[in-house]
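Engineer: Sequence and predicted structure are below.
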Amino acid sequence: MSEIEKKLTTNFGYLFEEELISEIKELGVPKSFKEDTTIIEVGDYIKSMPLLVSGAIKILREDEHGEELVLYYLEKGDTCAMTLSCCMGQTKSKIRAVAETNVELIMLPKEKMADWLGKYKTWQSYILQTYHHRLDELLEALDTIAFLKMDERLFKYLKDKAMVTHNDLLHVTHKQISEDLHTSRVVVSRLLKKLENERKIQLFRNSIKVLEL
DNA sequence: ACATTAAGTGATT
DNA sequence: AATCACTTAATGT
């Protein structure tokens, strides 16, 4: 049994019945992406659906000028709700997915999606749960942008990032953060300095340590 | 030694 | 919170 198959069993074994797991093993194509590589670009047509086996994926909204904004992260056991709607309809992706860490995926042929919905109860509830979960995350992202001030947004961003990477030391520059939050580098630098004075983080060149988790 | 990139800061809108 | 203009510090060639 391959490494990825083992991980599949550990991460999804309790979710799916054995039959479904073995179908996934048979039909799924393992794929991996290195940190910081783009997995899905805005406008891509989706031909298969990914199951996230390990690592974390950052989901971004992007406007026509390439200006971006982080929406939420996917972690192991998750799948992409955007892909689901793209697989069902024949629409293009409206989001960008970038590997936050090294990532292992299993790509499932989209033709099977509808089949499995009828065939496997566990699959059905997994898909519904995914939609539910994503809708929640999206609302949370909306609240963050609408109601939180920039300094709170920034601190939340850092905490989320530390959470999905399982590491309180973040390798990121002020410029990258400003792009993810869709603001300017100067603002990020100033607010980070403020957070450091409040003993919530520690600043280094090219990295930030989150103290209050 | 020089160029480039990251980060800090005052002033203005 | 954004932008400009400038400085300082670290890093690469």
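Structural biologist: Now that the structure is in, tell me what you want to look at. Numbers count the residues shown, from 1 in each chain, chains lettered A, B, ... in the order given.
Engineer: Which residue is the nearest non-sequential neighbour of the residue in chain A positioned nearest to DNA strand B?
Structural biologist: Nearest residue of chain A to DNA strand B, counting by CB to the nearest atom of the strand: A:T173, 3.2 Å away. Heads up, the C-betas are built off the backbone N, CA and C, glycines and all. Nearest non-adjacent residue to A:T173, counting by CB to CB, 6 or more residues apart in numbering: A:N206, 6.0 Å away.
Engineer: Now do that neighbour against A:L15, distance only.
Structural biologist: A:N206 sits 38 Å away from A:L15, going by CB to CB, to the nearest Å.
Engineer: And A:L27, by the same measure?
Structural biologist: 17 Å.
Engineer: go on, A:T37?
Structural biologist: 27 Å.
Engineer: same question, A:L60
Structural biologist: A:L60 is 27 Å from A:L15, where distance means CB to CB.
Engineer: how about A:V98, what does it touch?
Structural biologist: A:36-39, A:57-58, A:60 (CB atoms under 8 Å, 6 or more residues apart in numbering).
Engineer: Switch the residues you listed over to CSV; also include pLDDT, distance to DNA strand C and secondary structure.
Structural biologist: Shown next, in CSV, are these (pLDDT from 0 to 100; distance: CB to the nearest atom of the strand, whole Å; DSSP: H, G, I helix; E, B strand; the rest coil):
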residue, pLDDT, distance to DNA strand C, secondary structure
A:D36, 91, 17, coil
A:T37, 93, 21, coil
A:T38, 93, 24, strand
A:I39, 94, 27, strand
A:I57, 96, 25, strand
A:K58, 95, 20, strand
A:L60, 93, 16, strand
